[in-house]
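Trainee: just coords:
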């Protein structure tokens, strides 16, 4: 079946994929888009209704998303870029009037995190940080076990995660120019 060809239920693959993507983004952002009284980002301030669309865009997936912040049709961004860019991309998204979902870690330093919170307040936008792993029942049980003294007094913890990832490319040594396409999103 072609992507725009309807199946027996009257929905195309393209429609199905679009609806699943919007639902996933809404859930990932804590349902903020769908609560009563939610306002459309970058729109006229009207209340979202059942027939309104929330348009999301990913920033960083396979290097995509460099012009997303200028697009007035985009309501929200999902940030999946290298960790050290999370805070700045979040602030840029808020400045551009977008709602933001950012992968963890939200920031590299406490100062960056505070600047993100300040920007969310200043631009009156919602930011959601992806910490969904902590919501899993087994992870919650493990946290409670540790907090209840199950392994004794914890004086140090160290975490390490190795995952194969594609190259983010190379940039020659020296300062980056703001006009360089690798500099902006």
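Mentor: Yep, it's here. Since the model is a prediction, treat every value here as computed from it, not as a measurement.
Trainee: What's the separation between residue 129 and residue 52?
Mentor: When distance is defined by Cβ to Cβ, to the nearest Å, residue 129 is 25 Å away from residue 52. No exception for glycine: its C-beta is placed from N, CA and C like everyone else's.
Trainee: Of these two, which one has the most company?
Mentor: Taking neighbours as other Cβ atoms under 10 Å, residue 129 and residue 52 compare with residue 129 leading, 18 against 14.
Trainee: Would it be right to say that the more buried one lies in a helix?
Mentor: No - assessed with DSSP: H, G, I helix; E, B strand; the rest coil, residue 129 is strand; it does not lie in a helix.
Trainee: so what's it closest to, chain neighbours aside?
Mentor: residue 106 (4.5 Å; Cβ to Cβ, 6 or more residues apart in numbering).
Trainee: try residue 88
Mentor: For residue 88, ignoring the flanking residues on the chain, the nearest one in space by Cβ to Cβ, 6+ apart is residue 112 at 7.9 Å.
Trainee: element containing that neighbour, please.
Mentor: helix 110-122 (DSSP states H and E).
Trainee: now the helices for the protein?
Mentor: Assigned by DSSP state H, the helices in the chain fall at 13-28, 86-95, 110-122, 137-147.
Trainee: about what we covered before: tell me the confidence at the residue nearest to residue 129?
Mentor: In this model, residue 106 is scored at 89, pLDDT.
Trainee: Check the one 5 residues further on too.
Mentor: Per-residue confidence for residue 111 comes out at a pLDDT of 93.
Trainee: That one: how many residues sit nearby?
Mentor: With other Cβ under 10 Å as criterion, residue 111 counts 10.
Trainee: ok, now residue 80?
Mentor: Around residue 80 there are 18 residues (other Cβ under 10 Å).
Trainee: Got the phi and psi for the spatially closest residue to it that is not a sequence neighbour?
Mentor: Counting by Cβ to Cβ, 6+ apart, residue 60 is the residue found nearest to residue 80 once chain neighbours are left out, at 4.4 Å. With angles defined as degrees, to the nearest 10, residue 60 sits at phi 110, psi -20.
Trainee: so who does residue 60 touch?
Mentor: Neighbouring residues of residue 60 by Cβ atoms under 8 Å, 6 or more residues apart in numbering: 79-82, 85, 89, 185.
Trainee: got CSV for these, with distance to residue 173 too?
Mentor: Formatted as CSV, these follow (distance: Cβ to Cβ, whole Å):
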residue, distance to residue 173
79, 26
80, 26
81, 21
82, 18
85, 19
89, 23
185, 22
